[in-house]
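Enquirer: please work out how this folds:
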Amino acid sequence: MQTQLAPQFANTPEGIEAARILGKCVHCGFCTATCPTYQILGDELDGPRGRIYLIKQIAEGQTPTEKTRMHLDRCLTCRNCESTCPSGVQYGNLVDIGRKWAEENTPERPLAQRLTRWALKEGLTSPKLFNSAIALGRLVRPLMPSGIQRKIPETKNKVLASSTDPYARPHTSHARKMLLLEGCVQPGMLPNINSATARVLDALKIQLISASNATCCGALRYHLNDQVGGLDNAKQNIDAWWPLVQQGVEAIVMTASGCGVMVKDYGHLFASDPQYAAKAKKISDLTKDISEIMPTLQSELVNLLGADPKPGVVYHPPCTLQHGQQVRGKVEGLLSGIGIAVRLCADSHLCCGSAGTYSVTQPELSEQLRKNKLNHLQAACEESGAEIIVSGNIGCITHLQQDDTPVLHWIEIVDQLIAKKHIAHPVT
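Expert: Prediction:
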């Protein structure tokens with residue numbers, strides 16, 4: 001797809017990148033077959049190919065309209081289209097550019113939208129504000145609509161009843177050390193995910209450490225068109241992590257794939273920044289989802305837990321893992337290796353509708369996708385006999401909560417098995 005950049009974009013990094021990405025598109029339309037919003041709405045402009053045309057028009061100088069912005073807003077950024085595309089179109093990077101251009105060249109959003117987006121950017125990325133809001137939300141949870149109730153866990157966690165303190169982290173020092181991104185909302189909503197990860201790695205002789213001055217990964221601001229704010233978050237993380245990187249941490253561990261896909265992109269985002277380019281690339285190279293780390297420790301885990309049959313699970317692979325990071329099969333392989341039968345549901349490649357802040361900014365589409373996903377997940381549970389759904393991203397986990405079947409992070413299942421093993425065979 002040839003693009004004649006308008007003068008205002010011709011010599012800018014964004015314009016050059018957009019033209020490069022647009023040049024790979026061959027109009028084939030394979031992407032529409034796997035686009036969740038196109039499947040629901042049936043509008044070409046609500047599929048990747050149509051959105052690419054809209055961005056091309058902006059790049060060539062056509063003034064975007066509020067309708068243009070609406071179609072770009074409706075994109076989940078699930079990047080399923082990237083997994084489908086035979087030409088390697090980097091749609092995720094392109095849509096970020098297109099949204100920025102549309103935001104800058106359309107009338108100001110209605111007040112309600114501006115307030116909502118401001119609250120999301122400022123509230124979710126501030127642990128103090130968010131934790132206070134969660135604490136208050138738990139008090140008034142019964143009075144809230146069911147859609148909001150789902151996103152506020154009744155307690156910090158319901159798992160690991162066999163542990164004295166399910167949120168405790170080990171303090172053992174090991175020669176092998178890895179660095180953890182704590183995250184914005186995860187410590188307040190579901191702190192056991194990070195604690196479970198620390199306990200599992202500790203059992204495998206790896207110490208998980210954190211940088212107290214690290215912050216939000218930057219994805220939330222960046223994808224709400226506050227790209228400057230998102231990059232500022234990223235710079236703060238790079239600065240916070242760099243001394244530990246120099247000390248030789250083996251990896252930067254992500255327990256939320258939505259954060260992982262952003263941090264892995266730091267190298268790209270800062271490629272033209274002379275101060276941060278080299279550091280950002282190193283950070284991206286070190287960043288691993290926990291599902292990429294655990295398979296390298298599978299033999300040790302099997303020695304610890306055995307490979308005898310254990311209760312099965314249904315696994316929902318997050319879009320940010322299977323499409324954004326192109327990491328597939330790791331969770332299934334690891335759990336199967338320790339005796340946990342894993343079932344994927346029908347259309348497991350499709351988004352559940354969480355997509356960061358999408359469930360707030362596009363509630364109707366999000367809820368339709370959630371219902372579709374839960375129908376498939378429940379069917380897989382009934383067919384396999386599994387009583388638990390697992391995933392690898394806090395957004396998916398909270399979005400899919402319902403009364404019938406609990407949704408946990410898969411690392412919590414591994415942690416529970418280790419805890420039970422420890423109780424059955426205590427160290428003396």
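
Enquirer: which residue is nearest the middle of this protein?
Expert: For the chain, the residue nearest the mean C-alpha position is G258 (1.5 Å; CA atoms, centre = their mean).

Enquirer: for the nearest residue to that one once chain neighbours are set aside, which residues are in contact?
Expert: Counting by CB to CB, 6 or more residues apart in numbering, G258 lies nearest to T320, which is 4.7 Å off, once chain neighbours are set aside. (C-beta placed from N, C-alpha, C; glycine too.) By CB atoms under 8 Å, 6 or more residues apart in numbering, T320 lies in contact with 79, 257-258, 260-261, 393.

Enquirer: same question, L220
Expert: Contacts of L220 (CB under 8 Å, 6+ apart): 120-121, 124-125, 184, 230, 356-357.

Enquirer: the residue nearest to the centre of the chain and E182, how far apart?
Expert: From G258 over to E182 the distance is 14 Å, taken as CB to CB, to the nearest Å.

Enquirer: how about V249, secondary structure?
Expert: The three-state label given to V249 by DSSP: H, G, I helix; E, B strand; the rest coil is coil.

Enquirer: okay, now it: neighbour count?
Expert: By other CB atoms under 10 Å, 21 other residues sit near V249.

Enquirer: likewise for the one 3 residues further on?
Expert: Other residues lying near I252 total 25 when counted by other CB under 10 Å.

Enquirer: can I assume it is in contact with W242?
Expert: No. If you go by CB atoms under 8 Å, I252 and W242 don't touch, sitting 11.1 Å apart.

Enquirer: who touches both of those two?
Expert: With CB under 8 Å, 6+ apart as the test, I252 and W242 both reach I283.

Enquirer: for T357, what are its contacts?
Expert: Taking CB under 8 Å, 6+ apart as the test, what T357 contacts is 120, 124, 220, 223-224.

Enquirer: of those, closest to T106?
Expert: Distances from T106 to the contacts of T357, taken as CB to CB, are shortest for L224 (15.1 Å).

Enquirer: read off the pLDDT value for that closest one.
Expert: Model confidence at L224, given as pLDDT, is 92.

Enquirer: do K151 as well
Expert: On the pLDDT scale, K151 gets 65.

Enquirer: and K156, by the same measure?
Expert: According to the model, K156 scores 47 on pLDDT.

Enquirer: now K67
Expert: At K67, pLDDT is 96.

Enquirer: from D43, how far out is it?
Expert: When K67 is compared with D43 (using CB to CB), they lie 11 Å apart.

Enquirer: now G324
Expert: 24 Å.

Enquirer: before we move on, what about L286?
Expert: In terms of CB to CB, L286 sits 41 Å off from D43.

Enquirer: got it, and P107?
Expert: 22 Å.

Enquirer: neighbour-wise, which of the two wins?
Expert: Legend: neighbour count by other CB under 10 Å for P107 and D43, higher for D43 (12 against 8).

Enquirer: so what's the nearest residue to that one once chain neighbours are set aside up against?
Expert: In space, and not counting its chain neighbours, D43 is closest to G50: 7.2 Å by CB to CB, 6+ apart. For G50, the contact set (CB under 8 Å, 6+ apart) comprises 43-44, 71.

Enquirer: how about a cut-off of 10 Å?
Expert: 29, 31-32, 35, 38, 43-44, 71 (CB atoms under 10 Å, 6 or more residues apart in numbering).

Enquirer: mind listing what's buried in the helix or strand K371 falls within?
Expert: Take DSSP states H and E as the rule and K371 turns out to sit in helix 363-384. Neighbour-count burial for helix 363-384 flags 365-366, 368-370, 372-374, 376-378, 380-381, 384 (criterion: 16 or more other CB atoms under 10 Å).

Enquirer: which other helices and strands contact that helix?
Expert: Where contact means 3 or more CB pairs under 10 Å, 6 or more residues apart in numbering; DSSP states H and E, helix 363-384 is packed against helix 36-41, helix 146-149, strand 310-315, strand 340-344, helix 358-361, strand 389-391, helix 394-399.

Enquirer: mean pLDDT lowest for which of these?
Expert: Among the helices and strands packed on helix 363-384, helix 146-149 carries the lowest mean pLDDT (a mean of 63).

Enquirer: what's the following helix or strand after that helix?
Expert: Next along from helix 146-149, by DSSP H and E: strand 176-180.

Enquirer: other SSEs contacting the helix or strand encompassing V95?
Expert: If you go by DSSP H and E, V95 is part of helix 91-104. Judged by 3+ CB pairs under 10 Å, 6+ apart, helix 91-104 is in contact with helix 7-10, helix 13-22, helix 48-59, helix 66-73, helix 80-84, helix 219-223, helix 227-246, helix 266-269.

Enquirer: deepest in the core, which of those helices is it.
Expert: Comparing the helices and strands packed on helix 91-104 by mean neighbour count (mean count of other CB atoms under 10 Å), helix 219-223 ranks first with a mean of 24.

Enquirer: ok, back up a step: got a markdown table for the contacts of L220, with pLDDT and secondary structure too?
Expert: Putting the contacts of L220 into a markdown table (pLDDT from 0 to 100; DSSP: H, G, I helix; E, B strand; the rest coil) gives the following:
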| residue | pLDDT | secondary structure |
| --- | --- | --- |
| L120 | 90 | helix |
| K121 | 89 | helix |
| L124 | 80 | helix |
| T125 | 79 | coil |
| C184 | 87 | coil |
| G230 | 95 | helix |
| G356 | 91 | coil |
| T357 | 92 | coil |
